[in-house]
Structure formats: structure tokens, C-alpha cells
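[1] need a structure here:
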Amino acid sequence: MDTPALLIPLIVTGLAPLGIWIFRKTPNTREAVSFVAAALTFGFMLSLVPGVLGGEIKTLTVFTLLPGITVKLCADGLTMIFGIVASFLWFLATSYNIGYMRGLNEHAQTRYYFCFAIAIFGAVGVAMSANIFTLYLFYEIISIFTYPLVAHHQDEEGFSGARKYMVYLMGTSKLFLLPAMVLTYVICGTLDFQLGDVVKGIFPADADPFLVQLTYVLYIAGLAKAALMPFHNWLPSAMVAPTPVSALLHAVAVVKAGVFSVSRIILSGFGLETMNALNLGIPTAYLAAFTIVVASIIALTKDDLKARLAYSTVSQLSYVIIGVTMLTPDAVTGGLAHIAHHAFSKITLFFAAGAIYVATHNKKISLMGGFGRKMPITFAMFSLASLSMIGMPPVCGFVSKWYLINGAMQAHQIIILCALLGSTILNAGYFTPIIYRAFFMAPDPTVDYDHYSEAPMTMVIPLTITACISVLLGFYPQLFFGFINIFTGFRG
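    Numbers count the residues shown, from 1 in each chain. As a prediction, the model looks like this:
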């Protein structure tokens, strides 16, 4: 039976940009619109929690475009992971945006908040998609409305980065994702996901194996927001954007839409039976392992803090892919948990990078000697989030990596196990020098060190909250594990 209430978060996030435009001449009211919309969306997502954890799967067919082509929404365990993370982080990102945009007196702030809100609308839509067509629509909305954010500075570097961003994301979606959707409809006669069963999938057992394999490859290539190599280069190029946009790209909307879509299509589209029968999972896991290691090595070479974090994101996203494609219960659990765990930790790191820039106008790691003594809260939170990326207890990154390592052993994949363990060393290799330099090394003589202090509290408080949540999720991962268990059915 349809649940019309599922439209509420889309209506709220859809009306928010209109409110932002209407109140464009009163900045405080304009930003209040984002706060209210984020709170309402997050509140609605929380209202779904008891039902979803009780095993309910709510759906709503919004309208039928053509026979078999519908815009359809759902709320299940996987929806909740992305929906809760996106709406909650939107609230904190709005506070951070105020400090960053006003602190640097950035231009075109109404356009910025307008596009930011539509990107969240797209992310919520992706999270609630009940079929591939709906997911495709919202996936493209995110791409279109994050382009002005990437090109925000409107200089040559900004337009160049935004152009590459758009060519990669729109090019792959048109060349690969759209044909994959058409092939799926031809093979299956439907685009609706198999909700409530990650084993069966929607592909019939007697489907031509070659066509199914081809469709799968097209999906993996078409979902470039997941940044699996060689479709990753848009992500470092998008670092020309303001830092809050980088946080949006890397933690909230864009990359999470990518790995969420890959997870949804594999688990609710192909299903474990088809993935195992056609041996689709392990080759993808090897590609993800390659991405993890190579991106980590590249991150080691970057002196620009945002560039280092960008390659860290490329690497960390593949933890989700590697988990979902190893197909064992622990691996899938670890991969899906990493969607939320990575979001809170990575947004902390980008928030910290932005706070450092606002306070010092510095991006170079080699010039950050002693910064930790001037900005102790920011660098302490940066350190906590770094531990999560490395996979150290008690921060949440340790939990997902623990499950991934167990999953690799369940799958008897020694090479993948070595990649996971090796990546932990590489992660430590590119994060610990930043922390050591900030707290224990002398300031660079070319830096105006004495005038530095913490960034505005509207920036420091959000990054402190997200860092603390990263720690809390390390001690209490049950909330997101509850959604994962009810979605996969692996543990009752």
C-alpha cells in the first residue's frame, strides 16, 4: 500500500531552494531556511526509524511516466543509512557554511545556498529511490546542481575543474548508466528494486549471462560518483570548489550517492545469487583493492591538504565497494557501515581544512608547523577523524574495517586482505605527518604564525560535533548496524 508521507522529505528539500531565493536579500532568514529544512527532513527520517527497524518497507508510486517507467519511492534499511546521514550533516554544514562564506566574504552566496539545497534534495531522492529510473533522475540532479558549486570562484581554474567534473559524471552516466538501465528493462521487464531480499535480485535465472554481465559492467562504469579507478579523476579536479562544497562532495551528497547507488544496484538489483552465479563480485573487489592502494600512494605525494584528502576519499570509497562485492555477510556489513562512518569522519577533515584556510589562508601541509598549538580544537578533531580513516580504535572507521577484514577472511581472499591491511599503513603514512607537524614542529619562518587563532565558532562547533559522533559510532555502532541487519537479513 502506498505511503504518501514519503513525499514529505522531498517536498521540504524541494521547497528549501525556493525559500532561499525568496529571502535572498536577508541573509539570516535565507540561512534559517536551510536550518529549518534540514531539521524537518532529519526529523522525518527519524520518524521512520521504529517502523523500518520493525521490518516495514514503505513505498509510494509518485507517478507513471510510461508503462513500466515510474517514479517510485521507498524507505527501507539502506534508505535510512543515507537519508539520516545526508539530512543530519546538511544541518551542520549550514552552520559551517555561514562561518566560511561570511568569513571570506564570498560572492554569489544565494546561488551557493540554492544549489547546495538542491544537491541535498537529489541526495534524499537517491536514498529513497525504489527503482533504477528514479535513482537515475535524482543522480543526475545532483550532478547538474553541484556544477555551479564547483565553478563557484568563476576563474579559469574553477571553470576547468567544473568542466572536468561535469564531463566525467554526465559523460559516464549517459554512455554507460543509461544503456545499463535500458538493458535491465529489456532483460527483466521492470526497473523496480527487489526490496526486502538481497539474495534474489530482479534478473531472471534464465537471462543471457553475457547480457547480464555486460549490464553489470555498464553500471559500474556509469556510476562514476563512486570514484572507482579509472573513473576517479573528477574528484581531485573538483577541489577547486570552496571547502564546504568539497565537504558536500566528499561526505554528504555526491560520492555517497555513488557508493550508495552501487550498493543498491548490486544488492537490490542483481542480488547475491546472480552476483555469485556469474562471478561478478570478486573481480570488482580486486579493482576496488587496486583503487584503495593506488589512491593512498598518490595521497602520500600531495602537499596541498585538500588534494591529499581528495585522494583519501577516492581510496576510502572503495572500502564500501570492496565490502559489497565480496558478498560475505561481514564484508557487506562493513561496506554499508562505512557509508555512514566515512561520512562523519571525512566531513570533519574537510571542515577542519576549511577552518584552517579561513584562519590562516594556508593550504600547504609543509607550512602547518605549530598550527595545532594555535588551533588546538580544530587539530584535535582533525586527529580524531584521521584515526577513523586509518582504522584505529575506538573511532568508527575501526568498526567498518574490522568487518571488512573478517569479510575478506570469510571469502578466503588473501590479496584483498593484504590490500586492506596495507592501506591502513598507507593511511597512517599520509595522516600522521600532518598531526605531528601541527603539534610538535616549529612554525615555518615565512608564516605569520603569531596572528593565528581558531576559526569562527560557527565552523569549529560543527567539526567538533562530527568528530565526536565518529567516536560515539565507534563505541555504539548499533544504530546503523540495525538498519544494515534489517536490510540484508544476515543477522535475523
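[2] alpha carbons only for contacts and neighbour counts from here, please
    OK.
[3] Hmm, residue 158 and residue 237 touching each other?
    No: assessed by C-alpha atoms under 8 Å, residue 237 is found out of contact with residue 158, at 9.1 Å.
[4] tell me the contacts of residue 466?
    Residues counted as contacts of residue 466 (C-alpha atoms under 8 Å, 6 or more residues apart in numbering) are 344-345, 347-348.
[5] Checking residue 64 next. Helix, strand or coil?
    strand (DSSP: H, G, I helix; E, B strand; the rest coil).
[6] Kindly provide the distance from it to residue 409.
    In this view, residue 64 and residue 409 are 45 Å apart by C-alpha to C-alpha, to the nearest Å.
[7] next one: residue 418
    Residue 418 sits at a distance of 11 Å from residue 409 (criterion: C-alpha to C-alpha).
[8] any idea which helix or strand comes after the helix or strand of the chain with the lowest mean pLDDT?
    Least confident helix or strand of the chain, by mean pLDDT, DSSP states H and E, is helix 243-247 with a mean of 73. Where DSSP states H and E defines the elements, the next helix or strand beyond helix 243-247 is helix 254-264.
[9] returning to that earlier point: could you single out the nearest of the contacts of residue 466 to residue 462?
    Nearest to residue 462, judged by C-alpha to C-alpha, of the contacts of residue 466 is residue 348 at 8.1 Å.
[10] ok, now how distant is that closest one from residue 231?
    25 Å.
[11] Export the one helix or strand residue 287 maps to to PDB, keeping only CA atoms.
    Take DSSP H and E as the rule and residue 287 turns out to sit in helix 281-300. Below are the C-alpha coordinates for helix 281-300, written out as PDB (Å, rounded to 0.1, in the frame of the first residue of the first chain):
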ATOM      1  CA  GLY A 281      31.700  -9.700  -7.200                       C
ATOM      2  CA  ILE A 282      35.400 -10.700  -6.700                       C
ATOM      3  CA  PRO A 283      36.700  -9.000  -9.900                       C
ATOM      4  CA  THR A 284      35.100  -5.800  -8.800                       C
ATOM      5  CA  ALA A 285      36.600  -6.200  -5.400                       C
ATOM      6  CA  TYR A 286      40.000  -6.600  -6.900                       C
ATOM      7  CA  LEU A 287      39.500  -3.300  -8.800                       C
ATOM      8  CA  ALA A 288      38.400  -1.700  -5.600                       C
ATOM      9  CA  ALA A 289      41.500  -3.000  -3.800                       C
ATOM     10  CA  PHE A 290      43.700  -1.600  -6.600                       C
ATOM     11  CA  THR A 291      41.900   1.800  -6.200                       C
ATOM     12  CA  ILE A 292      42.400   1.700  -2.400                       C
ATOM     13  CA  VAL A 293      46.200   1.100  -2.600                       C
ATOM     14  CA  VAL A 294      47.000   3.400  -5.600                       C
ATOM     15  CA  ALA A 295      44.900   6.300  -4.400                       C
ATOM     16  CA  SER A 296      46.600   6.000  -1.000                       C
ATOM     17  CA  ILE A 297      50.000   6.100  -2.500                       C
ATOM     18  CA  ILE A 298      49.100   9.200  -4.600                       C
ATOM     19  CA  ALA A 299      47.800  10.900  -1.400                       C
ATOM     20  CA  LEU A 300      51.200  10.400   0.200                       C
END
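[12] and that helix, what other elements does it pack with?
    Using 3 or more C-alpha pairs under 8 Å, 6 or more residues apart in numbering; DSSP states H and E, the elements in contact with helix 281-300 are helix 305-326, helix 414-440.
[13] Return the residues in contact with residue 87.
    Residue 87 neighbours (C-alpha under 8 Å, 6+ apart): 38-39, 41-42, 120, 124.
[14] name the element the closest residue to it other than its chain neighbours belongs to?
    Excluding its sequence neighbours, the residue lying closest to residue 87 (C-alpha to C-alpha, 6 or more residues apart in numbering) is residue 42, at 5.0 Å. Element membership for residue 42 (DSSP H and E) is helix 27-53.
[15] Tell me which other helices or strands that helix touches.
    Helix 27-53 is packed against helix 8-22, helix 77-103, helix 109-127, helix 478-488, with contacts defined by 3+ C-alpha pairs under 8 Å, 6+ apart.
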